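Q: Provided below for reference: sequence and predicted model.
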Amino acid sequence: MPSSRLKVEIARILESEGYIQGFKVLEPSAGERVQAQLRMFMKCGPRGERVISGIQRVEPARTAASTSDATRARCARRTRHAAS
């Protein structure tokens, strides 16, 4: 997959937490106009099953909206309770 600093840091965390065996950043040869590639070496469990079965992206905007809605609701309850 194409490499980026974010992907390399995610791979570093996955390796330190034991989810992958390791990773390698493959730099392009001199003169090539190709982006560096990130290669991850997946880990298998004791019965040959994959340690990671899937990855799902969570959109930051959605979690921020949910959090702010929940925070507003808590603040509104506190305000009503304090005013009573």
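A: Cool, the structure landed.

Q: what about the residue most central in space within the chain, helix or strand, and which?
A: Nearest residue to the geometric centre of the chain (C-alpha atoms, centre = their mean): Ile10, 6.0 Å. For Ile10, the host element (DSSP states H and E) is helix 5-16.

Q: List the buried residues of that helix.
A: Ala11, Leu14, Glu15 (16 or more other C-beta atoms under 10 Å). Every C-beta, even on glycine, is put in place using the N, C-alpha and C of the backbone.

Q: so how many other residues sit close to the closest residue to the first one other than its chain neighbours?
A: If you skip the residues right next to it in sequence, Ala11 has Phe23 as its closest partner in space, 4.0 Å away by C-beta to C-beta, 6 or more residues apart in numbering. Counted with other C-beta atoms under 10 Å, the burial measure for Phe23 works out to 17 neighbours.

Q: Partner strands of the helix or strand containing Phe23, with direction?
A: Phe23 is located in strand 20-26, with elements delineated by DSSP H and E. Take DSSP bridges as the rule and strand 20-26 pairs in its sheet with strand 37-42 (antiparallel).

Q: I'd like to know the average pLDDT value across the strand it pairs with.
A: Averaged over strand 37-42, pLDDT sits at 93.

Q: Kindly report the same for stretch 21-30.
A: For stretch 21-30, the per-residue pLDDT averages 90.

Q: Contacts for that stretch, please.
A: With contacts defined as C-beta atoms under 8 Å, 6 or more residues apart in numbering, stretch 21-30 is touched by 3, 8, 11-12, 14-15, 34-43.
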